[in-house]
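Peer 1: everything below, folded, please.
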Amino acid sequence: MTKLSVNINKIATLRNARGGNLPNVLAAAADCERFGAQGITVHPRPDERHIRYQDARDLKEIVTTEYNIEGNPVDSFNELVAKLLPHQVTLVPDAHDVITSNAGWNTQKNLRFLSQTVDFFHRTGIRCSLFVDPDPEMIRFAADTGTDRIELYTEAYAHQFPVDRKKAVTPYVHAAETALQLGLGVNAGHDLNLENVGYFARSVPGVLEVSIGHALICEAIWLGLENTIRLYLRELATPNL
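Peer 2: Numbers count the residues shown, from 1 in each chain. This is a model prediction of the structure:
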């Protein structure tokens, strides 16, 4: 079954907007786990505009499920992750000035760099995932880096879902099939929400986990955090194809 990893960046964004420690990022992570989330994801950026590097350190001490740290593999990020040894590192090609992740890796162009980075993390025992568009060619080059998994960038799916859900999901089905044929695990994330995540999980073969932050926290404003997480778990309850 597809696991739910809750990205708690938006909790940190709200905290940082006012200063102090409300809402408490550590307490939010612990509550997400208590409510049934099977993982916690953070994305510390160099400007620390939401999750701070110290948050990532503190979370290492309290997360009891899967800990996933994602980000652009600049030196400061690599050093942080190598010290914390999370279960998984997800490499994302973020420019420093983007609001949120907006593209997958060009794995062909960055093959050497990504291979070296994956090797660096593998030598510390950390599972690696590469953030990629649903492009079979990019997935084939991702496999050449030695990565363990890919994370499919699902913004295009989410945008097209209200218009034509079958057309929206078809590229992701083909991408996942390619990844599975190459021996890669499949994760997914970005703009997935309660409306579209169930269809995605039921349609795309072999999805191991979804990482959801912005939508889940927004939905929790109206539905409550515990109820929202339980609704996601219900949507993901269908066994993998």
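Peer 1: and the next helix or strand past the lengthiest helix in the chain?
Peer 2: If you go by DSSP state H, the chain has its longest helix at helix 165-181. Proceeding N to C from helix 165-181, the next assigned helix or strand is strand 185-189, under DSSP states H and E.
Peer 1: what pLDDT does Asn1 get?
Peer 2: Residue 1: Met, not Asn. Here, the pLDDT recorded for Met1 equals 88.
Peer 1: cool, and Pro46?
Peer 2: 89.
Peer 1: now the strands for this protein?
Peer 2: Using DSSP state E, the strands of the chain run over residues 3-7, 39-42, 66-71, 88-91, 127-132, 149-153, 185-189, 207-212.
Peer 1: direction included, what does the last one pair against?
Peer 2: The strands beside strand 207-212 in its sheet (DSSP bridges) come out as strand 3-7 (parallel), strand 185-189 (parallel).
Peer 1: avg pLDDT for it?
Peer 2: 98.
Peer 1: could you give the angle of that strand to strand 127-132?
Peer 2: 70 degrees (axes from the mean of the first three to the mean of the last three CA atoms, to 10 degrees).
Peer 1: which stretches in this structure count as helices?
Peer 2: In the chain, the helices defined using DSSP H lie at 9-18, 25-34, 53-60, 75-84, 111-122, 136-144, 155-160, 165-181, 197-203, 214-223, 225-235.
Peer 1: put the alpha carbons of the longest helix of the chain into PDB.
Peer 2: Taking C-alpha atoms only, helix 165-181 is exported to PDB below (Å, rounded to 0.1, in the frame of the first residue of the first chain):
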ATOM      1  CA  ARG A 165      -8.300  12.500 -15.100                       C
ATOM      2  CA  LYS A 166      -7.500   9.600 -17.400                       C
ATOM      3  CA  LYS A 167      -5.400  11.800 -19.700                       C
ATOM      4  CA  ALA A 168      -3.800  13.400 -16.700                       C
ATOM      5  CA  VAL A 169      -2.600  10.200 -15.200                       C
ATOM      6  CA  THR A 170      -1.500   8.300 -18.300                       C
ATOM      7  CA  PRO A 171       2.000   9.800 -18.500                       C
ATOM      8  CA  TYR A 172       2.600   8.800 -14.900                       C
ATOM      9  CA  VAL A 173       1.400   5.200 -15.500                       C
ATOM     10  CA  HIS A 174       4.000   4.900 -18.400                       C
ATOM     11  CA  ALA A 175       6.700   6.600 -16.200                       C
ATOM     12  CA  ALA A 176       6.100   4.200 -13.300                       C
ATOM     13  CA  GLU A 177       6.100   1.200 -15.600                       C
ATOM     14  CA  THR A 178       9.400   2.300 -17.000                       C
ATOM     15  CA  ALA A 179      10.800   2.800 -13.500                       C
ATOM     16  CA  LEU A 180       9.600  -0.600 -12.300                       C
ATOM     17  CA  GLN A 181      11.200  -2.300 -15.300                       C
END
